[in-house]
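**Student:** turn this into a structure:
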Amino acid sequence: MSGFPTTGFQQFVILLKRSMYIILMDKTLTRMRLVAHFIIGCLIGLIYYDIGNDAAKVMSNAGCLFFCVMFMMFTAMMPTILTCKILYSMLKKSY
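**Tutor:** This is a model prediction of the structure:
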């Protein structure tokens with residue numbers, strides 16, 4: 001046994017529902033995220049447009065993958081980081 005009262009799938013479903021609720025309730029943030037993803041996607045697409053599949057541009061291909069992965073990681077982590085900062089400052093004021 002894993003020691004958790006629910007299965008991993010049940011936890012996933014609960015977190016998915018919670019995330020969807022938050023996304024639907026905060027329409028401004030959702031729009032801003034969509035616009036930011038569209039703009040960054042266009043910029044990365046323009047920078048790495050037609051880099052090709054040949055071995056002469058391996059570093060460009062690797063750079064494109066690197067920046068795409070980093071962008072996705074930072075956009076996924078940013079709400080958590082901002083929430084933690086807000087909670088930390090609220091706790092700090094209460095002492």
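**Student:** can you name the next helix or strand after the helix or strand containing residue 13?
**Tutor:** With elements taken from DSSP states H and E, the one containing residue 13 is helix 8-25. Proceeding N to C from helix 8-25, the next assigned helix or strand is helix 27-47, under DSSP H and E.
**Student:** average model confidence for that following helix?
**Tutor:** Confidence for helix 27-47, expressed as mean pLDDT, is 83.
**Student:** contacts for that helix?
**Tutor:** When contacts are defined by Cβ atoms under 8 Å, 6 or more residues apart in numbering, helix 27-47 is touched by residues 23-24, 64, 67-68, 71, 75. All C-beta atoms are positioned from the backbone trio N, CA, C, and that covers glycine.
**Student:** apply 6 Å and report the result again.
**Tutor:** Applying Cβ atoms under 6 Å, 6 or more residues apart in numbering, the set of residues contacting helix 27-47 from outside is 23, 67, 71.
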